[in-house]
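S.K.: The following block contains a protein sequence and its predicted model.
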Amino acid sequence: MSTDKPNAIIVIFGATGDLSKRKLFPSIYRLYKNGKIGEEFAVVGLARRPWTNDVFRENVRNSIEQSSSKEEDLEDFSSHFYYHSFDVTDTSSYDDLNNLLEDLEGHYQTDGNRIFYLAMAPEYFGSIANQLEENGLKNGKGWTRLVIEKPFGHDLDSAKELNNQIRHAFDEDQIYRIDHYLGKEMVQNIEVIRFANGIFEHLWNNRFISNIQITSSEKLGVEERARYYDHSGATRDMVQNHMLQMVALLAMEPPIKLTPEEIRSEKVKVLRALRLVDPEKVNEFFVRGQYGSSNSIKGYREEATDLANSTTETFVAGKVMIDNYRWAGVPFYIRTGKKMKEKSTKIVVEFNDIPMNLYYKNETEKHPNLLIINIQPNEGITLYLNAKKAGIGSIAEPIKLSYTNNGVDDINTPEAYEKLLYDCIIGDTTNFTHWDEVAHSWEFVDSLLDAWAAVTPDFPNYPAGSMGPEAADDLLEKDGFHWWPITD
Ligand SMILES: NC(=O)C1=CN([C@@H]2O[C@H](COP(=O)(O)OP(=O)(O)OC[C@H]3O[C@@H](n4cnc5c(N)ncnc54)[C@H](OP(=O)(O)O)[C@@H]3O)[C@@H](O)[C@H]2O)C=CC1
Ligand SMILES: O=C1O[C@H](COP(=O)(O)O)[C@@H](O)[C@H](O)[C@H]1O
C-alpha cells in the first residue's frame, strides 16, 4: 500500500564510518524532522564491527546531537535504525541481508523501495553492486537505487572498469553518483542566477567577461583521511568532481527543458570542450603545491609517518580553457587546497572593464564589475558596480549590491546531503553525475596528472595558513589579472 510520502529502506554500507556519522544520519534526521519522509521508513546500517541495534541507535543519536541543538524526538527517530554486522567480502552474508530487508518490508510500508548507499572505500563498490544483483537484493518489490560515493575511479581507465562492473548489475537510471557540491544551495543557484535573469545572459560570454575565478579553500588538513588522500591528492579529490562541475554549470548553454537529461547534455558539451593539458605547457597553465609547517601548524609531511616523503599535491591552481564559441579566450581560473587561510568557496565573474573610464582616480586604477557567487560559508550573491564617490568631483568607487541567505532558521536550510538523499528518494537524478560527465572530467584530469608525472615536484612550497604558492598568483598576473579576495 502506498503512503503519501516517498518511503524506502535505506541500506548504508559503511554505517560505522565518518561520512555516515557526520553527514548521512543528520541528513536523514532533517528529512524526518522537516516532514520529507514519514514514519514508514527504515535504515539498515552495515559494517564489520559487532554492534547491536541499541549500540547503533545510540551512535545515530549522538551523531545528530553533535550536529544540532538538543532534539526531543531522537528516540522515535532512531527506532527506525537497524544494524547488521556484515563483511562485504563474505558473499554468503548477502542472503541474511535479503532476509532482514524482507522482514522490515513486512513491518514498514515502504512499497518495497530500496536504496543501497555505498559509504565505503571505493575498492568495494564494484563487488557490492555485483553481489546485490547476484543475490537478488536489487529485485525488491518496488524501485531500487544505488548511491555511490566518490571517488569514482582513480583515473579514466579505472573509472571505466568500475563503471562497467556497476553497469553490469544496475541500469544507468538506477545509479546515483554523488557529488555533494551539486547539493549545495548556491551551486544549484548558478543555473537560476544565469538563466532566470534577463540582465546576465547576453553578457555571459567572451565579449563581456574577462575571466572567471573559482576558489574552494579549506583550513583543515587531511585529518583522519591521510591514507585515502595521499593516494588521491587535491586534483582527484576536488578538481575532477566539484571544481569541474562548477565550471560546467557556469559555462553551459541554457537547457531547453529542466530535465536531468537536458541539463546533463549541456554540461557534457562543456566538459568535452575543455582544452586538455599540453605537457610542454603544463607550468603555464597549472600550479601544484603542498603545505609545509608554519607557526606551529604541522606541514603535510608531518601529519603521519608514511607521509614523510610524500609528493602528493594538497593544492592546485589552474587556468582552464573551454574551446567553444561562447568561451574561446576566457580563462576559468580554479584554485583549491588544504590548510589554507580561510574556509571558503566562491565564484568571481569579472566583466571586461570599459576601454576608457574617465571616472577612475588615475589610469592605473581598475575596478571592473564583478558578480560574486558565495557558496560557503556564507551563501549569497554580490554585484560590484561603480558609483560616484560622495562629495566633490566625479570619481567612481565600487559599491556592493548584496543578497545573503544568512539568518534563515538552520533547520529549514537543507544541507547538501539532505537534498541529494531526498532527490534520490523521489528519483530526481538532476544533481547526480552521469557517467558521461565523469568520463570527460577524468580525461581532462588525466591529461594534467600525466603532464605532472614527468617531473618530481619541489615540495613543500606553501606555508600552512596561506593562500597557496606564489606561482598561483603569477598564473593570473601574467594574464593581467589577480585573484579577487575570498573574504568581502
Ligand atoms: N568522510 C568524508 O567526509 C567523505 C567521504 N567520502 C567517501 O565516502 C566513503 C566513506 O568514507 P568514510 O566514511 O570517510 O570512511 P571510513 O573509513 O570512516 O568508513 C569506512 C566504513 O566502511 C566499513 N568497512 C570497511 N571495510 C569493510 C568490510 N570489509 N565490510 C563491511 N564494512 C566495512 C567500516 O566499518 P567497520 O570497520 O566497522 O567494518 C566503516 O563503516 C569513501 O568512499 C569516501 O571517499 C566522500 C566525501 C567526503
Ligand atoms: O569531497 C570532498 O570535499 C571536502 C570539502 O567539502 P566542503 O563541502 O566542506 O567544501 C574535502 O574536505 C574532502 O577532502 C573531499 O573529499
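M.R.: Arrived safely. Ligands and ions are numbered 1, 2, ... in the order given.

S.K.: contacts and neighbour counts: CA atoms only from here.
M.R.: OK.

S.K.: Neighbours of the closest residue to Phe459 other than its chain neighbours, how many?
M.R.: Sequence neighbours aside, Gln290 is the residue nearest to Phe459 in space, at 5.8 Å (criterion: C-alpha to C-alpha, 6 or more residues apart in numbering). Using other C-alpha atoms under 10 Å, Gln290 has 29 neighbouring residues.

S.K.: With Asp323 instead?
M.R.: 16.

S.K.: Check Ile373 too.
M.R.: Count around Ile373 with other C-alpha under 10 Å applied: 24.

S.K.: ok so it is a strand residue?
M.R.: Yes. Assessed by DSSP: H, G, I helix; E, B strand; the rest coil, Ile373 belongs to a strand.

S.K.: Do I have it right that it meets Ser402?
M.R.: No. Using C-alpha atoms under 8 Å, Ile373 makes no contact with Ser402, being 10.1 Å away.

S.K.: shared neighbours of these two, anything?
M.R.: Contact criterion C-alpha atoms under 8 Å, 6 or more residues apart in numbering; residues shared by Ile373 and Ser402: Gly380, Ile381, Thr382.

S.K.: most neighbours, which of those residues?
M.R.: Ile381 (23 neighbours).

S.K.: If you count contacts, what does the helix or strand that residue falls within end up packed against?
M.R.: Per DSSP states H and E: Ile381 is located in strand 380-388. Applying 3 or more C-alpha pairs under 8 Å, 6 or more residues apart in numbering; DSSP states H and E, one finds that strand 380-388 contacts strand 370-376, strand 396-404.

S.K.: tell me the mean pLDDT for it?
M.R.: Averaging pLDDT along strand 380-388 gives 95.

S.K.: Can you give the strand pairings for that strand, parallel or anti for each?
M.R.: Under the criterion DSSP bridges, strand 380-388 sits next to strand 370-376 (antiparallel), strand 396-404 (antiparallel) in its sheet.

S.K.: Kindly reformat the ones you listed as JSON lines containing distance to ligand 1 and mean pLDDT.
M.R.: Below are those laid out as JSON lines (distance: least, C-alpha to the nearest ligand atom, whole Å; pLDDT from 0 to 100):
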{"stretch": "strand 370-376", "distance to ligand 1": "16", "mean pLDDT": "96"}
{"stretch": "strand 396-404", "distance to ligand 1": "26", "mean pLDDT": "93"}
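
S.K.: of all these, which lies closest to Val320?
M.R.: Val320 sits nearest to strand 370-376 of all these, at 18.8 Å, using C-alpha to C-alpha.

S.K.: Residues in contact with the closest one: which ones?
M.R.: 184-187, 190, 343-351, 379-385.

S.K.: Just say which of the strands paired with strand 380-388 is most tucked in.
M.R.: strand 370-376 (a mean of 22; mean count of other C-alpha atoms under 10 Å).

S.K.: about what we covered before: let me have the strands paired with strand 380-388 in CSV, adding distance to Asn34 as columns.
M.R.: Shown next, in CSV, are the strands paired with strand 380-388 (distance: least, C-alpha to C-alpha, whole Å):
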stretch, distance to Asn34
strand 370-376, 23
strand 396-404, 23
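
S.K.: right, and these - which one's nearest Asn362?
M.R.: That would be strand 396-404 among those, by C-alpha to C-alpha, at 10.7 Å.

S.K.: So which of the strands paired with strand 380-388 is nearest Val455?
M.R.: Checking the strands paired with strand 380-388 against Val455 by C-alpha to C-alpha gives strand 370-376 as the closest, at 34.6 Å.

S.K.: In PDB, list the C-alpha atoms belonging to the closest one.
M.R.: Coordinates of each C-alpha in strand 370-376 appear next as PDB, following Å, rounded to 0.1, in the frame of the first residue of the first chain:
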ATOM      1  CA  LEU A 370      32.200  41.700 -10.500                       C
ATOM      2  CA  LEU A 371      29.500  39.200  -9.900                       C
ATOM      3  CA  ILE A 372      30.300  37.100  -6.900                       C
ATOM      4  CA  ILE A 373      28.500  33.900  -6.000                       C
ATOM      5  CA  ASN A 374      29.300  33.000  -2.400                       C
ATOM      6  CA  ILE A 375      28.800  29.300  -1.900                       C
ATOM      7  CA  GLN A 376      30.100  28.900   1.600                       C
END
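
S.K.: Return the residues in contact with Trp327.
M.R.: By C-alpha under 8 Å, 6+ apart, the contact set of Trp327 is Asn205, Asn206, Ala251, Met321.
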